[in-house]
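A.B. asks: sharing a sequence plus its predicted fold:
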Amino acid sequence: MIFIIGAAILGAILFYFSYQSRQNFSCPTCGEKITTEYLDAKNCTMCGSDLKKDH
Ligand SMILES: [Zn+2]
């Protein structure tokens, strides 16, 4: 039982850090919202413009 609780807590922590590492970008040209797990900005998948960070 303790092992199951420990695994659940560990999973929650890993999920939390995984969620925190995601970056939200919005396209300044067409307004497309894009979430990426990578820190570097990418180009818009819709129009190809450079993305800027939302937050
Ligand atoms: Zn765009």
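C.D. replies: Yep, that arrived.

A.B. asks: now stretch 27-36: mean pLDDT?
C.D. replies: What stretch 27-36 shows for mean pLDDT is 83.

A.B. asks: residues of the chain that sit close to the ion?
C.D. replies: Within the chain, the residues that sit near the ion (C-beta under 5 Å from the ion) are 27, 29-30, 32, 44, 46-47, 49. Glycine gets a C-beta too; all of them are placed from N, C-alpha and C.

A.B. asks: which residue lies nearest the spatial centre of the protein?
C.D. replies: Per C-alpha atoms, centre = their mean, the C-alpha nearest to the average position across the chain is that of residue 22, at 2.1 Å.

A.B. asks: pretty sure that one contacts residue 16?
C.D. replies: No: judged on C-beta atoms under 8 Å, residue 22 makes no contact with residue 16 at a distance of 11.3 Å.

A.B. asks: which residues do those two both contact?
C.D. replies: Common contacts of residue 22 and residue 16 (C-beta atoms under 8 Å, 6 or more residues apart in numbering): none found.

A.B. asks: low-confidence ranges, this structure, go.
C.D. replies: Residues of the chain meeting the criterion pLDDT under 70: 37-41, 52-55.

A.B. asks: try 80 this time
C.D. replies: 19-25, 34-43, 50-55 (pLDDT under 80).

A.B. asks: where do the strands sit along it?
C.D. replies: 23-26, 33-36, 52-53 (DSSP state E).

A.B. asks: right, so the ones you listed: which one is the most enclosed?
C.D. replies: strand 23-26 (a mean of 16; mean count of other C-beta atoms under 10 Å).

A.B. asks: residue contacts, residue 46?
C.D. replies: Neighbours of residue 46 in contact, by C-beta under 8 Å, 6+ apart: 27, 30, 32.
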